[in-house]
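[1] have a look; sequence and predicted model below, questions after that.
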Amino acid sequence: MSKIYKFPRKHRAYSDKFLNGVKPQVIGDFIKEQNPQLTIKAADAMALAIIYSTYLQLVFEEEGNLVVPSMDEYEQYIWAAHDKKKLH
C-alpha cells in the first residue's frame with residue numbers, strides 16, 4: 001500500500017501568522033493597566049494601531065521593500081483624504 005504525502009505549496013508568510021496569532025484584547029488590557037488614565041476604547045485603539053503598524057512592517061520586509069512609507073505618504077491610499085464625497 002502506498003502512502004500519499006501532501007506537501008504545502010507555499011509556506012505561509014510570517015506576517016500572516018503574526019496577524020492571526022496576536023490578540024488585540026490582551027494587548028489593549030495591558031495598555032490599559034499601564035496607563036489607567038486611558039479609556040478602554042482608547043487602549044484598544046492603540047493596541048490595533050500597534051498591531052497593524054507591526055503587520056505593515058513585516059509585509060514590507062517580506063516583499064523586499066526597504067522603506068515603510070511615512071504618514072504623509074499614506075494620504076494617497078485613503079480614498080476620502082481630499083474628496084468629501086461619501087461612499088454610499
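    In hand now; what should we look at?
[2] low-scoring stretches of the chain, by residue?
    1-12, 66-88 (pLDDT under 70).
[3] where do the helices sit along it?
    Counting by DSSP state H, the chain has helices at residues 14-21, 24-34, 40-62.
[4] adding mean neighbour count, write the ones you listed out as JSON lines.
    Any C-beta I mention is one placed from the backbone N, CA and C, and that applies to glycine too. Compiled in JSON lines, the helices of the chain are given as follows (neighbours: other Cβ atoms under 10 Å):
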{"stretch": "helix 14-21", "mean neighbour count": "12"}
{"stretch": "helix 24-34", "mean neighbour count": "14"}
{"stretch": "helix 40-62", "mean neighbour count": "15"}
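[5] separation between the spatially closest residue to residue 27 that is not a sequence neighbour and residue 34?
    Distances taken as Cβ to Cβ, 6 or more residues apart in numbering put residue 47 closest to residue 27, at 3.9 Å, once the chain neighbours are dropped. From residue 47 over to residue 34 the distance is 11 Å, taken as Cβ to Cβ, to the nearest Å.
[6] what's in contact with stretch 15-28?
    40, 43-44, 46-48, 50-51, 54-55, 58-59, 62 (Cβ atoms under 8 Å, 6 or more residues apart in numbering).
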